[in-house]
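Participant: With the input below, show me the fold.
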Amino acid sequence: MSSLADLYLRGIFMGFAIAAPVGAIGVLCIRRTLAGGWLLGLATGLGAATADAVYGAVAAFGITAVSAMLLGVRGWLQVVGGAFLVYLGVRTFLEHPRDLGEESSRPSGLLAAWSSTFVLTLGNPMTIMSFAAVFAGLGVGAAGGVDVIGGAATLVAGVFTGSALWWIFLSVAVGLVRHRLDATAMRRVNRGSGLLIGAFGIAALYAGAVVLGVTR
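Facilitator: Predicted structure coming up:
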């Protein structure tokens, strides 16, 4: 079995690779960073990182009952998540640019940013299957024993770290250029982001409808 340090490094790589592709959460993180500062963008990203860690833990520790339940309702989760994304897309498209000098760093605002992406990311339970396949390939699972449990926990911690590193990089990088945008540019960002987020939402709605058999 790989050493804990090796598993942790592998987890970091996995978490970074999972987070890096720009999807709905990435667009939301960029847009919130431009509108409210890097802390708001980071809180948005960490919500997704936390959800990835939760799903990684479910897969690593082999919590089959939870996995089966989530996969059983994945269609409804995708529909609800897709509807929420469409709502966010419409709201973002219509939102007027705020004062770029005003940082949205209040605890309530950061918590809302974190919780919204945490729930959205949990709306994709197929992530469990991806983690389960990778963890099985690495020889980590809930077969019992202190070494196995320690290895699983270490790998999950690495996944969260890697995902968090990506969101830190993205939010800080985008935050460095946000003050260069005027109200006109932010209006364009809002509209473009709204369209992209809404498109991801429609795709999720369709995927959920397929799972539920509505499109048959």
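
Participant: For the residue nearest the centre of the chain, which residues are in contact?
Facilitator: Nearest residue to the geometric centre of the chain (Cα atoms, centre = their mean): residue 48, 2.7 Å. The neighbourhood of residue 48, defined by Cβ atoms under 8 Å, 6 or more residues apart in numbering, consists of 19, 25, 117, 118, 120, 121, 163, 167. Quick note: C-beta positions are derived from backbone N, CA and C, even for glycine.

Participant: Run the chain-centre distance for the helix or strand that contains it.
Facilitator: For residue 48, the enclosing helix or strand under DSSP states H and E is helix 38-60. Helix 38-60 has its C-alpha centroid displaced from the chain centroid by 6 Å (Cα atoms, centre = their mean, to the nearest Å).

Participant: Restricting to C-alpha, output that helix in CSV.
Facilitator: What follows is helix 38-60 as a C-alpha-only set of coordinates in CSV (Å, rounded to 0.1, in the frame of the first residue of the first chain):
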residue,chain,number,x,y,z
TRP,A,38,-11.3,37.4,-4.3
LEU,A,39,-12.7,36.4,-0.9
LEU,A,40,-16.2,36.0,-2.4
GLY,A,41,-14.8,34.0,-5.3
LEU,A,42,-12.7,31.8,-3.0
ALA,A,43,-15.8,31.1,-0.8
THR,A,44,-17.6,30.1,-3.9
GLY,A,45,-14.9,27.7,-4.9
LEU,A,46,-14.4,26.2,-1.4
GLY,A,47,-18.1,25.2,-1.4
ALA,A,48,-17.4,23.0,-4.4
ALA,A,49,-14.2,21.7,-2.8
THR,A,50,-16.1,20.7,0.3
ALA,A,51,-18.7,18.9,-1.7
ASP,A,52,-16.0,17.1,-3.6
ALA,A,53,-14.4,16.0,-0.3
VAL,A,54,-17.8,14.7,0.9
TYR,A,55,-18.3,12.6,-2.2
GLY,A,56,-14.7,11.5,-2.0
ALA,A,57,-15.2,10.3,1.5
VAL,A,58,-18.4,8.5,0.6
ALA,A,59,-16.5,6.6,-2.2
ALA,A,60,-13.3,6.1,-0.2
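
Participant: before we move on, back to that, so how far is residue 213 from the residue nearest to the centre of the chain?
Facilitator: Note on residue 48: its distance to residue 213, by Cβ to Cβ, to the nearest Å, is 29 Å.

Participant: low-scoring stretches of this protein, by residue?
Facilitator: Across the chain, residues meeting the criterion (pLDDT under 70) sit at 1-2, 62-71, 97-105, 125-148, 214-216.

Participant: Near residue 112, how many residues? Count them for me, please.
Facilitator: By the other Cβ atoms under 10 Å criterion, the neighbourhood of residue 112 contains 15 residues.

Participant: Repeat that for residue 113.
Facilitator: Neighbourhood size, residue 113 [other Cβ under 10 Å]: 24.

Participant: For it, grab phi and psi.
Facilitator: With angles defined as degrees, to the nearest 10, residue 113 sits at phi -60, psi -40.

Participant: out of everything not next to it in sequence, what's closest to it?
Facilitator: residue 43 (4.2 Å; Cβ to Cβ, 6 or more residues apart in numbering).

Participant: Hmm, residue 106 and the one you found touching each other?
Facilitator: No: counting by Cβ atoms under 8 Å, residue 43 does not reach residue 106; the two are 10.8 Å apart.
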